[in-house]
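> Okay, sequence plus prediction incoming.
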Amino acid sequence: MAAARDLAPTLATTLHGRLRVHAPLARHTSLRIGGPAELLVQPDTIEELVAVVRGAARAGVPLTVLGGGSNVLVADGGIRGIVVKLGRGFRTLAFEGTRARAGAAVQLGRLARETAARGLAGLEHAEGIPGTVGGAVRGNAGAYGGDIASVLECIEGVDGDGSVRELPRDAVGFGYRRAGLPSAFIVTAAVFRLASADAATLCARLETLRASRVAAQPQGVPTAGSIFKNPPGEHAGQLIEAAGLKGYRVGHARISERHANWIVNDGHARAADVAALMALAQRAVWEQRGIWLEPEIRIVGTW
């Protein structure tokens, strides 16, 4: 197996220099936590992404997609292999009638606001959800009774062997906070089928949802969004709060006093601090209620 850095000279030419060796990842995550990537690449086109995927496959080098860096906990030891962060070419947003095609690197909040402004209903719940379209599709992001799968028409992406594919929504098994995509599949774009509605009404709903989020969730501090999935019929935040853990701290990470399903980085937290808080919450809720909390965030890297 080749090391990722052995591929650097070839990929640097393909990517026109959009590549870094031993690149710190904390600046690329919303928690502002994470060790270095052995190799960080930022492809701007499908062709560049295909070249990265095929190069990694030939060399037997593991490949991790970072996306927008929210909803993820990167280990202090960093990530071995190649880390892919899709570039500006994947931030395009186009409309045709009631259909919206969004590149995987489009911020979910931008998509919600632009569709509402055009009088297209179905993505209002996405206002305020951190992260990008690609991550939202893979995690079937949702809130306030809506989710991505309910308005998705098809997914575009690249398979583990570098094949470019389009998957209709019905070919993908969606569930609560998950999509049945192949593990090596990289989402590059998604097409949404929306409904016509009054733009002013939709924008007013977005403002209402935004106000609800601001009131209920920590603001202005590094976080990764909801840490755990809600168990059936329960709310993870309420279970953690009932266990008496609001404000509990490990190192420089703490469980938010505003919402117990959020962990805050007070400035110098390590991934190990966050992982310790997660384990503590899981044990406490299990001992009190017999419910095991399942992480909603992805945990990646060398631990």
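Structure's in. What do you need? Numbering: from 1, shown residues only.

> hang on, residue 44 packs against residue 89?
Yes: if you go by C-beta atoms under 8 Å, residue 44 and residue 89 touch, sitting 3.8 Å apart. For glycine as for every other residue, the C-beta is placed from the backbone atoms N, C-alpha and C.

> Let's check: the centremost residue of the protein is which one?
residue 135 (3.9 Å; C-alpha atoms, centre = their mean).

> the helices in the stretch 51-200 of the chain, which residues?
Assigned by DSSP state H, counting those that start in this stretch, the stretch 51-200 of the chain shows helices spanning 108-117, 133-138, 199-216.

> remind me which residues of the protein are low pLDDT?
Residues of the chain that meet the criterion pLDDT under 70 lie in 1-2.

> cutoff 90 now
Counting by pLDDT under 90, the chain contains low-confidence ranges at 1-6, 67-68, 70, 125-131, 139, 141-147, 176-178, 182-183, 209-220, 225.

> Okay, domains of it per the record?
Domain assignment for the chain by automatic domain parsing gives 4-88, 91-215, 218-300.

> sorry, back to before: if I read this right, the residue nearest to the centre of the chain contacts residue 129, doesn't it?
No: using C-beta under 8 Å, residue 135 is not in contact with residue 129; the gap is 9.7 Å.

> shared neighbours, the two?
Contact criterion C-beta atoms under 8 Å, 6 or more residues apart in numbering; residues shared by residue 135 and residue 129: residue 141.

> In space, what's closest to residue 115 - neighbours in sequence excluded?
In space, and not counting its chain neighbours, residue 115 is closest to residue 123: 5.0 Å by C-beta to C-beta, 6 or more residues apart in numbering.

> residues near that neighbour, how many?
26 (other C-beta atoms under 10 Å).

> what sits against residue 301?
The contact partners of residue 301, by C-beta under 8 Å, 6+ apart, come to 34-35, 74-80, 271.

> Most neighbours among the residues you listed, which one?
Result: residue 74 is most packed of these (other C-beta under 10 Å), 29 neighbours.

> For that residue, list the residues it contacts.
25-26, 29, 33-35, 66, 271, 300-301.

> what's across from it in the sheet?
Counting by DSSP bridges, residue 74 is bridged to residue 300.

> And it, how far from residue 259?
Computed with C-beta to C-beta, to the nearest Å, the distance linking residue 74 and residue 259 is 22 Å.

> same check, this time on residue 277
Using C-beta to C-beta, residue 277 is found at 14 Å from residue 259.

> Where helices are concerned, which of the contacts of residue 74 count?
residue 271 (DSSP state H).

> now the contacts of residue 74 as JSON lines including distance to residue 252?
Output for the contacts of residue 74, formatted as JSON lines (distance: C-beta to C-beta, whole Å):
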{"residue": "25", "distance to residue 252": "18"}
{"residue": "26", "distance to residue 252": "13"}
{"residue": "29", "distance to residue 252": "15"}
{"residue": "33", "distance to residue 252": "10"}
{"residue": "34", "distance to residue 252": "14"}
{"residue": "35", "distance to residue 252": "16"}
{"residue": "66", "distance to residue 252": "22"}
{"residue": "271", "distance to residue 252": "11"}
{"residue": "300", "distance to residue 252": "21"}
{"residue": "301", "distance to residue 252": "19"}
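
> Could you pull up phi and psi at residue 246?
Main-chain torsions, residue 246, degrees, to the nearest 10: phi -60, psi 130.

> ok, residue 202 touching residue 114?
No: using C-beta under 8 Å, residue 202 is not in contact with residue 114, being 10.9 Å away.

> What is the three-state secondary structure of residue 23?
strand (DSSP: H, G, I helix; E, B strand; the rest coil).

> Can you name the residues that contact it?
Counting by C-beta under 8 Å, 6+ apart, residue 23 touches 36-37, 39-40, 83.

> Is it possible to get a markdown table of the residues you listed that adds neighbour count and distance to residue 220?
Output for those, formatted as a markdown table (neighbours: other C-beta atoms under 10 Å; distance: C-beta to C-beta, whole Å):
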| residue | neighbour count | distance to residue 220 |
| --- | --- | --- |
| 36 | 21 | 27 |
| 37 | 27 | 27 |
| 39 | 28 | 33 |
| 40 | 23 | 27 |
| 83 | 28 | 27 |
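
> List of residues touching stretch 165-172?
With C-beta under 8 Å, 6+ apart, stretch 165-172 has contacts from 149, 152-159, 179-181, 185.

> now stretch 238-255
Contact with stretch 238-255 is made by 228, 231, 256-257, 260-270, 272-274, 276-277, 280-281, 284-285, 288-289, 291, 293, as judged by C-beta under 8 Å, 6+ apart.

> Sounds good, over and out.
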